[in-house]
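**Q** Have a look at this prediction, sequence included:
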Amino acid sequence: NFYMAVAGCDDLYKSHADDAVLAAADMITKLSTVVQPNGQPTAVRIGLNTGAICAGVIGISSPRFSIFGDTCNTASRMAATADVCGGDA
């Protein structure tokens, strides 16, 4: 599965990058205690990036809220190529 989180959409929020890094570190720590149904510990790959994003509801028959743009694409590619954290890493 792939999940994306956004921090700092409010321009007045100045510590969004710090908070995103702290959230990623906390996820790695917490997920190491979560055991999958097959008995293996949960592992995660994380990609972080900062910059502008676009957001909105996409679709007609099955509308979904989505975020997209170069910032999201870069973070996604970073996550896809990152080393696995937690689990048996």
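**A** Great, that's in hand.
**Q** Strands along the chain, start to end?
**A** Counting by DSSP state E, residue ranges of the strands within the chain are 43-44, 54-58, 64-68, 85-86.
**Q** what residue of the chain is the furthest out?
**A** The outermost residue of the chain relative to its centre, with distances by C-alpha atoms, centre = their mean, is residue 61 at 26.5 Å.
**Q** export the strands of the chain to JSON lines and tack on mean pLDDT and mean neighbour count?
**A** In short, each C-beta sits where N, CA and C put it, glycine included. Listed next are the strands of the chain as JSON lines, based on pLDDT from 0 to 100; neighbours: other C-beta atoms under 10 Å:
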{"stretch": "strand 43-44", "mean pLDDT": "87", "mean neighbour count": "18"}
{"stretch": "strand 54-58", "mean pLDDT": "92", "mean neighbour count": "11"}
{"stretch": "strand 64-68", "mean pLDDT": "90", "mean neighbour count": "12"}
{"stretch": "strand 85-86", "mean pLDDT": "76", "mean neighbour count": "18"}
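**Q** what's the closest of these to residue 4?
**A** With C-beta to C-beta as the measure, strand 64-68 is the member of the strands of the chain nearest residue 4 (6.6 Å).
**Q** From the contact counts, what lies against the closest one?
**A** strand 54-58 (3 or more C-beta pairs under 8 Å, 6 or more residues apart in numbering; DSSP states H and E).
**Q** The strand it packs on - which strands sit beside it in the sheet, and in what orientation?
**A** In the sheet, strand 54-58 lines up against strand 64-68 (antiparallel) (DSSP bridges).
**Q** got the contact list for the partner strand?
**A** Contact with strand 64-68 is made by 4, 6, 53, 54, 55, 56, 57, 58, as judged by C-beta atoms under 8 Å, 6 or more residues apart in numbering.
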